[in-house]
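**Student:** This is the structure alone, sequence omitted:
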(Lines give C-alpha, C1' and ligand atoms only; values in the text may rest on other atoms or scores of the structure.)
Protein backbone atom coordinates (compact mmCIF):
# COMPACT_ATOMS: atom_id res chain seq x y z
CA UNK A 1 0.00 0.00 0.00
CA UNK A 2 1.29 3.46 -0.89
CA UNK A 3 -0.37 6.48 0.73
CA UNK A 4 0.46 10.05 -0.31
CA UNK A 5 -0.68 13.35 1.11
CA UNK A 6 0.26 16.80 2.23
CA UNK A 7 -0.87 20.15 3.55
CA UNK A 8 -3.52 22.48 2.13
CA UNK A 9 -1.06 24.72 0.24
CA UNK A 10 1.09 21.84 -1.07
CA UNK A 11 4.35 23.00 0.56
CA UNK A 12 4.53 19.80 2.66
CA UNK A 13 4.16 16.38 1.07
CA UNK A 14 4.56 12.86 2.42
CA UNK A 15 4.48 9.27 1.30
CA UNK A 16 3.78 6.21 3.47
CA UNK A 17 5.03 2.95 1.99
CA UNK A 18 2.95 0.67 4.22
CA UNK A 19 -0.58 0.32 5.47
CA UNK A 20 -1.32 1.97 8.81
CA UNK A 21 -0.99 -0.10 11.98
CA UNK A 22 -4.22 1.45 13.28
CA UNK A 23 -6.54 4.37 12.52
CA UNK A 24 -8.19 6.10 15.44
CA UNK A 25 -10.60 8.90 16.17
CA UNK A 26 -9.13 10.82 19.12
CA UNK A 27 -11.38 12.96 21.31
CA UNK A 28 -8.73 14.20 23.75
CA UNK A 29 -8.91 17.95 24.35
CA UNK A 30 -5.72 18.62 22.36
CA UNK A 31 -7.09 16.79 19.33
CA UNK A 32 -10.30 18.79 19.64
CA UNK A 33 -8.16 21.92 19.22
CA UNK A 34 -6.28 20.37 16.27
CA UNK A 35 -9.52 19.40 14.54
CA UNK A 36 -11.33 22.63 15.42
CA UNK A 37 -14.10 20.99 17.39
CA UNK A 38 -14.43 17.24 17.53
CA UNK A 39 -12.08 14.28 17.06
CA UNK A 40 -8.92 14.22 15.02
CA UNK A 41 -8.60 11.18 12.76
CA UNK A 42 -5.12 9.70 13.00
CA UNK A 43 -3.53 6.88 11.04
CA UNK A 44 -0.66 5.22 12.94
CA UNK A 45 2.41 4.19 10.91
CA UNK A 46 5.91 2.90 11.49
CA UNK A 47 7.97 6.10 11.32
CA UNK A 48 10.54 4.41 9.06
CA UNK A 49 7.80 3.88 6.43
CA UNK A 50 6.95 7.60 6.08
CA UNK A 51 8.99 10.21 4.22
CA UNK A 52 8.39 13.97 4.04
CA UNK A 53 9.34 16.84 1.76
CA UNK A 54 8.94 20.50 2.65
CA UNK A 55 9.44 22.45 5.83
CA UNK A 56 7.35 21.70 8.91
CA UNK A 57 7.23 23.40 12.28
CA UNK A 58 7.11 21.45 15.52
CA UNK A 59 4.80 22.23 18.43
CA UNK A 60 5.92 20.30 21.53
CA UNK A 61 3.48 19.66 24.38
CA UNK A 62 2.53 17.07 26.96
CA UNK A 63 -0.42 14.87 25.98
CA UNK A 64 -3.15 13.85 28.42
CA UNK A 65 -1.39 10.47 28.52
CA UNK A 66 1.73 12.19 29.92
CA UNK A 67 3.71 11.57 26.74
CA UNK A 68 5.75 14.42 25.26
CA UNK A 69 4.31 14.96 21.78
CA UNK A 70 5.73 16.60 18.68
CA UNK A 71 2.88 17.89 16.55
CA UNK A 72 4.13 19.02 13.17
CA UNK A 73 2.37 21.43 10.85
CA UNK A 74 2.95 23.47 7.69
CA UNK A 75 4.20 26.96 8.63
CA UNK A 76 2.72 28.44 5.44
CA UNK A 77 -0.92 27.29 5.72
CA UNK A 78 -1.07 25.91 9.27
CA UNK A 79 -2.33 22.44 8.33
CA UNK A 80 -1.65 19.87 11.11
CA UNK A 81 0.15 17.02 9.32
CA UNK A 82 1.70 14.61 11.83
CA UNK A 83 2.29 13.73 15.44
CA UNK A 84 4.96 11.71 17.18
CA UNK A 85 5.50 10.84 20.83
CA UNK A 86 8.89 10.73 22.51
CA UNK A 87 7.93 7.50 24.28
CA UNK A 88 7.62 5.68 20.92
CA UNK A 89 9.72 7.50 18.32
CA UNK A 90 9.36 4.52 15.97
CA UNK A 91 5.64 5.35 15.58
CA UNK A 92 4.22 8.34 13.67
CA UNK A 93 0.66 9.53 13.18
CA UNK A 94 -0.61 11.19 10.02
CA UNK A 95 -3.80 13.24 10.08
CA UNK A 96 -6.07 11.42 7.63
CA UNK A 97 -7.58 14.66 6.32
CA UNK A 98 -4.19 15.39 4.76
CA UNK A 99 -4.23 12.22 2.65
CA UNK A 100 -4.73 12.69 -1.08
CA UNK A 101 -7.42 10.00 -0.78
CA UNK A 102 -8.77 9.95 2.79
CA UNK A 103 -10.85 6.90 1.84
CA UNK A 104 -7.64 4.82 1.84
CA UNK A 105 -8.13 4.27 5.59
CA UNK A 106 -11.03 4.11 8.01
CA UNK A 107 -11.13 4.38 11.80
CA UNK A 108 -11.06 1.17 13.79
CA UNK A 109 -11.24 2.72 17.26
CA UNK A 110 -12.42 5.84 19.09
CA UNK A 111 -10.17 6.92 21.98
CA UNK A 112 -10.50 9.46 24.77
CA UNK A 113 -14.28 9.22 24.34
CA UNK A 114 -14.75 10.38 27.96
CA UNK A 115 -13.53 13.80 26.73
CA UNK A 116 -15.80 13.92 23.67
CA UNK A 117 -18.32 16.76 23.45
CA UNK A 118 -21.83 15.65 24.42
CA UNK A 119 -22.94 16.25 20.82
CA UNK A 120 -20.22 14.05 19.27
CA UNK A 121 -21.53 11.35 16.93
CA UNK A 122 -19.43 8.29 17.77
CA UNK A 123 -20.01 5.23 15.61
CA UNK A 124 -21.24 2.50 18.00
CA UNK A 125 -19.60 -0.12 15.77
CA UNK A 126 -16.14 1.20 16.70
CA UNK A 127 -14.20 -0.05 19.70
CA UNK A 128 -14.41 2.79 22.23
CA UNK A 129 -11.84 3.55 24.92
CA UNK A 130 -12.51 6.14 27.63
CA UNK A 131 -8.88 7.35 27.71
CA UNK A 132 -5.52 6.22 26.40
CA UNK A 133 -5.56 2.76 24.78
CA UNK A 134 -2.79 0.21 24.92
CA UNK A 135 -0.02 1.05 22.45
CA UNK A 136 -0.58 0.11 18.81
CA UNK A 137 1.44 -2.98 17.87
CA UNK A 138 4.74 -2.39 16.12
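**Tutor:** Looks like it arrived, so ask away. All of these numbers come straight from a predicted model, not from anything done at the bench. Numbering: from 1, shown residues only.

**Student:** rest of the way, CA atoms for contacts and neighbours
**Tutor:** Will do.

**Student:** tell me the contacts of the closest residue in space to residue 56 that isn't next to it in sequence?
**Tutor:** Closest residue to residue 56 in three dimensions, ignoring its sequence neighbours and counting by C-alpha to C-alpha, 6 or more residues apart in numbering: residue 74, at 4.9 Å. Contacts of residue 74 were listed using C-alpha atoms under 8 Å, 6 or more residues apart in numbering, and they are 7, 11, 12, 55, 56, 57, 80, 81.

**Student:** Give the helix, strand or coil label for the last one.
**Tutor:** Translated: residue 81. Residue 81 carries the three-state label strand when classified by DSSP: H, G, I helix; E, B strand; the rest coil.

**Student:** wait, doesn't it sit right on residue 75?
**Tutor:** No. Applying C-alpha atoms under 8 Å as the test, residue 81 and residue 75 come out as separate, 10.7 Å apart.

**Student:** So what's the residue count around residue 81?
**Tutor:** Counted by other C-alpha atoms under 10 Å, the residues lying close to residue 81 total 26.

**Student:** per-residue confidence at it?
**Tutor:** Listed pLDDT for residue 81 reads 97.

**Student:** Which strand or helix spans the residue nearest the centre of the chain?
**Tutor:** The geometric centre of the chain, computed from its C-alpha atoms, lies nearest to residue 42 (C-alpha atoms, centre = their mean), at 2.9 Å. Using DSSP states H and E, residue 42 falls within strand 40-46.
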